[in-house]
Structure formats: structure tokens, C-alpha cells
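Engineer: The following comprises the amino acid sequence and a computationally predicted model.
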Amino acid sequence: MKRFTLDMAMLVLFLLVMGFRSLAQVWHEALGLVLLVAAVVHLFWNHRWFSSLMRGRWGRLRVAQTLLGVLLLVSATLALGTGILISNHVLKDVVIDLPLHRSIFVHQLHIASACAMLIFLGMHIGGHWAGLWQRIRKVPLLGALDVHPTMRFWLLVLIGWAGCAYSRLDHIGDRLAMVHIFSAPAARLPVVAGYVLLLCALGLYAIAFYYLQKWLARKGSRKLSANVQGGAMK
Ligand code: HEM
Ligand code: HEM
């Protein structure tokens, strides 16, 4: 239960930190640092993942999951590290004399890595969706999605569409390419709509990785049973 509570707290923190414009910058920095602490605890609780990297067999599914874990770690480290370097409030006294503090490149890297983190975190949630759903389905009304596949299908379509819309409105592609965006249309959305669309963007990447993982698992098990049958016939 405590793992799930931390996972949900990190999700809320990420949404607040990423929805940068609706918060005062000092809050953005403070919550970003709380997210850093939460991520360290989350990684500590999952330290077995690191030690298991050297063991076991490597199928396509495991390669995809591990690559995603590494990409999420790199993007989160870059977003948090560059955020600390450009801090204008909470850590200003510590970083103000560093030459990188005013570097345009570091500012743009902060934004690009935050957008990369949005994509990889969405996929990370999709990768762990089966376990997370066991908890989330207890929320009133949400459990109904288990027994209404048509409703679930249209909800997923809606989330995917809203996620694409947010990615366009916030120029996620341009930000990833480190193009300077003066003001994206997403900044003019009402606050609640902005956060809902941001959540849908995470949902879009979660859905994509969830189904990729299922497809890879099916392919892997077909290959395994073909190998077993082949072995039995020899
Ligand atoms: C800074 C952000 C995060 C980083 C760097 C991170 C990284 C990791 C890593 C390396 C693992 C172990 C490898 C694996 O099983 O994939 C893991 C496990 C896991 N992560 Fe994350 N994660 C982050 C945020 C989140 C969030 C926001 C959620 C959920 C909403 C989440 C849910 C999970 C779950 C369910 C597990 C399996 C074990 C557990 O329940 O703790 N993670 N994470
Ligand atoms: C994973 C955590 C973080 C994410 C996802 C994140 C994301 C963002 C985003 C999306 C922007 C706004 C880009 C724009 O539209 O102009 C931004 C700006 C900024 N962030 Fe973060 N941030 C994080 C952590 C931090 C931390 C820990 C600090 C400082 C301690 C920080 C300091 C700043 C500053 C100073 C700006 C303004 C940059 C500028 O005006 O060019 N961020 N961040």
C-alpha cells in the first residue's frame, strides 16, 4: 500500500510540476525538489531491479522494458539536474555564480528533458498498469470499466485523442527538438482543462506501451511454445 501511495503522490507531483504556468515559479521549484526526494525513495524501494539487470534471459519484452527504465532514469535525472542549475528561487544562492546558471542551452535542455520524461513516464505507467489497476479499480465507478469493454474502448479512444491534442497544443515535438517556444496555445487553456489534458497525454503514452508490451509478450510466448514443440518432436 505504501508503494502505491508513493506512486500516486509522484504522479500528482509530476502533473503539478509539468503544468508549470499555473504555479508560481517558486512552487514549481519546491515541488520539483519534493519529486526528486520521492523518486529517490521510489528507486530505493525498487533497488532489486538494478541488481537483477545482470541476471536471467533477455527476450524482446525485457529489452523494451529495460530500455524504457533507462530512458526514464536519464530524462528524470536531466530534468531535475538542469532544473537545479537554473533555479531562480529555492537554490538561487547556491547556483547563481555558476556559468551554467544562465546558459540558454541548459534552459532548453530542462524543457526538452521534461517533455521526454512526460513520454517515458507515461510509458512506465503503461508498463505497470496491470498492478496499478488492481488498486485504482477500487475507486467508485472506475471498477465498472472491467465489465463494460465498449465503454472502456471509447474511453481509451477519448484519452488518446485528448493526449494528441495536448501534445500539439503544447508543441511537445518542438520542445523536444529544443526549439524555443515563446507561448504555446496550451498556456491559454483553463487550469483544470490543462491538467486533464496533461493527464491524457500521459495516458496516451501509457496506452501505447501497455499494448506494445502485450504484443511482445504474446510473440515471446508463441516463440517459446514453438521451441518447446520443436524440442518435443526431436
Ligand atoms: C521520477 C519518476 C520515476 C522513475 C525514475 C521511476 C523509475 C522506476 C524504476 C527504475 C522501477 C523499477 C523497474 C521497473 O519495474 O520498471 C520502477 C518501478 C515501478 N514504478 Fe516507477 N518511476 C517513476 C515514477 C513512477 C510513477 C509516477 C508511477 C505510478 C504512477 C510509477 C510506478 C511504478 C510501479 C508500479 C513500479 C513497480 C514497483 C512499485 O510498485 O514500486 N513510477 N520505477
Ligand atoms: C522532474 C521535474 C521537473 C519538470 C518535469 C520540470 C518541467 C518544467 C517545465 C515544463 C518548464 C516550463 C517550460 C516553459 O513552458 O517555459 C520548467 C521551467 C523551469 N523550471 Fe522546471 N521542471 C522540473 C524540476 C525543476 C526543479 C527541481 C527546478 C529548480 C529547483 C526547476 C526550475 C525551473 C525554472 C527556473 C524554470 C524556468 C525556466 C525558464 O524560464 O527558462 N524545475 N520546468
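Structural biologist: Thanks, I have it. Ligands and ions are numbered 1, 2, ... in the order given.
Engineer: contacts and neighbour counts: CA atoms only from here.
Structural biologist: Fine.
Engineer: With the flanking residues excluded, which residue is spatially nearest to residue 106?
Structural biologist: Nearest residue to residue 106, sequence neighbours excluded (C-alpha to C-alpha, 6 or more residues apart in numbering): residue 82, at 6.2 Å.
Engineer: so what secondary structure elements neighbour the lengthiest helix in the chain?
Structural biologist: In the chain, taking DSSP state H as the definition, the longest helix is helix 191-233. For helix 191-233, the packing partners by 3 or more C-alpha pairs under 8 Å, 6 or more residues apart in numbering; DSSP states H and E come out as helix 2-18, helix 60-85, helix 104-127, helix 149-169.
Engineer: Now mean neighbour count too, for the ones you listed, in a markdown table please.
Structural biologist: Output for those, formatted as a markdown table (neighbours: other C-alpha atoms under 10 Å):
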| stretch | mean neighbour count |
| --- | --- |
| helix 2-18 | 16 |
| helix 60-85 | 18 |
| helix 104-127 | 22 |
| helix 149-169 | 16 |
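Engineer: dump the residue contacts of residue 126.
Structural biologist: Residue 126 is in contact with 203, 205, 206, 207, 208, 209, 210, counting by C-alpha atoms under 8 Å, 6 or more residues apart in numbering.
Engineer: Buried ones from these, can you make that a ChimeraX selection?
Structural biologist: Typed into ChimeraX, the line below selects the buried ones among the contacts of residue 126, using 16 or more other C-alpha atoms under 10 Å:
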select :203,205,206,207,209,210
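Engineer: Closest one to residue 119 out of the contacts of residue 126, please.
Structural biologist: Residue 119 lies nearest to residue 205 out of the contacts of residue 126, by C-alpha to C-alpha, at 6.0 Å.
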